[in-house]
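> Predicted model and sequence follow; I will ask about them next.
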Amino acid sequence: ALNEGRRPEGWNAKRLQHTDRDARWTKKHGKSFYGYKVHANADARYKLIRQAKVTPANADDGQTLKEVLDRANTGARLLADRGYDAQTNRELLQVHGLRDGIARRAKPGQERRVRLDARNKAINRVRARGEHVFAGLEQLGGKCVRAMTLARNELAILLKCAAYNAKRLVWLVRHDPCGCAR
């Protein structure tokens, strides 16, 4: 009922005030989650967050690519997981002159294909560098925030992203033997 904007049966005004109406339920690998998702564009070379977007948990990953796409990113190929596998996203990459590095998902009922698995494995080896960003956010207390409304949660998560980038920049400056990052 909340997802449809209605008051659930038997709920009083006080209980409704203490419920985040922007957050949504979703299932991933059979486990239910309530809250929000972070979609980020991270630089694979320097492991810095370039763009980030926070959406309710039930939002489709494939619909958010255009909002986090950053043409100034250092790579010529965009790497993404299977959630972004859509024809519209591949067309968007062509418009921006980026090579397609989106992992493919098998069609429903389709047997696993050797070429598909090999392509995804090759992409995931490089894409793992981008996943290090989320591991870094986890070290800063995770992506879990305890605020009400999408706007407040987005602010809290974006501040964590900024803190992560600051920490990463300090590391890059200290560990840059040739002075290339300066």
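All right, it came through fine. Residues are numbered from 1 along each chain as shown.

> chain center to the helix or strand bottoming out on mean pLDDT in the chain, what's the gap?
One helix or strand of the chain scores below all others by mean pLDDT, DSSP states H and E: helix 13-17, with a mean of 80. Put simply, helix 13-17 sits 31 Å off its chain's centre (C-alpha atoms, centre = their mean, to the nearest Å).

> ok, now stretch 112-127?
Between the centre of stretch 112-127 and the centre of its chain there are 20 Å (C-alpha atoms, centre = their mean).

> Where does the prediction get shaky in this structure?
3, 5, 74, 143, 177-182 (pLDDT under 70).

> Residue 89 contacts residue 63, doesn't it?
No: proximity of residue 89 to residue 63 does not meet the contact threshold set by C-beta atoms under 8 Å, at 9.1 Å. Bear in mind the C-beta positions are built from the backbone N, C-alpha and C, glycine included.

> Measure how buried residue 64 is and give me the count.
19 (other C-beta atoms under 10 Å).

> Contacts only, for it.
Each residue near residue 64 by C-beta atoms under 8 Å, 6 or more residues apart in numbering is listed here: 39, 53, 55.

> And the longest strand along the chain, how far out from the chain middle?
Longest strand in the chain, counting residues (DSSP state E): strand 31-42. Offset of strand 31-42 from its chain centre (C-alpha atoms, centre = their mean): 6 Å.

> same question, stretch 22-29
How far stretch 22-29 lies from its chain's middle: 14 Å, per C-alpha atoms, centre = their mean.

> Repeat that for stretch 136-155.
Distance of stretch 136-155 from the chain centroid (C-alpha atoms, centre = their mean) equals 13 Å.

> quick one on the thing from earlier: can you list the buried residues in the longest strand of the chain?
Within strand 31-42, the residues that count as buried by 16 or more other C-beta atoms under 10 Å are 35-42.

> Ok, stretch 10-29 next?
Buried, per 16+ other C-beta under 10 Å, within stretch 10-29: 20, 22-24.

> what about dumping the CA coordinates of that stretch to PDB?
What follows is stretch 10-29, C-alpha atoms only, in PDB (Å, rounded to 0.1, in the frame of the first residue of the first chain):
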ATOM      1  CA  GLY A  10      -4.700  -0.400  10.500                       C
ATOM      2  CA  TRP A  11      -1.900   2.200  10.500                       C
ATOM      3  CA  ASN A  12      -2.400   5.400  12.600                       C
ATOM      4  CA  ALA A  13      -1.000   8.800  11.800                       C
ATOM      5  CA  LYS A  14       2.000   8.400  14.200                       C
ATOM      6  CA  ARG A  15       3.100   5.100  12.600                       C
ATOM      7  CA  LEU A  16       2.800   6.700   9.200                       C
ATOM      8  CA  GLN A  17       5.000   9.600  10.300                       C
ATOM      9  CA  HIS A  18       7.800   7.200  11.300                       C
ATOM     10  CA  THR A  19       7.800   5.400   8.000                       C
ATOM     11  CA  ASP A  20      10.100   6.500   5.100                       C
ATOM     12  CA  ARG A  21       7.600   6.800   2.200                       C
ATOM     13  CA  ASP A  22      10.400   7.300  -0.400                       C
ATOM     14  CA  ALA A  23      12.100   4.000   0.400                       C
ATOM     15  CA  ARG A  24      11.000   0.800  -1.400                       C
ATOM     16  CA  TRP A  25      11.300  -3.000  -1.000                       C
ATOM     17  CA  THR A  26      13.200  -5.100  -3.500                       C
ATOM     18  CA  LYS A  27      14.600  -8.700  -3.600                       C
ATOM     19  CA  LYS A  28      18.100  -9.600  -4.600                       C
ATOM     20  CA  HIS A  29      19.200 -13.300  -4.600                       C
END
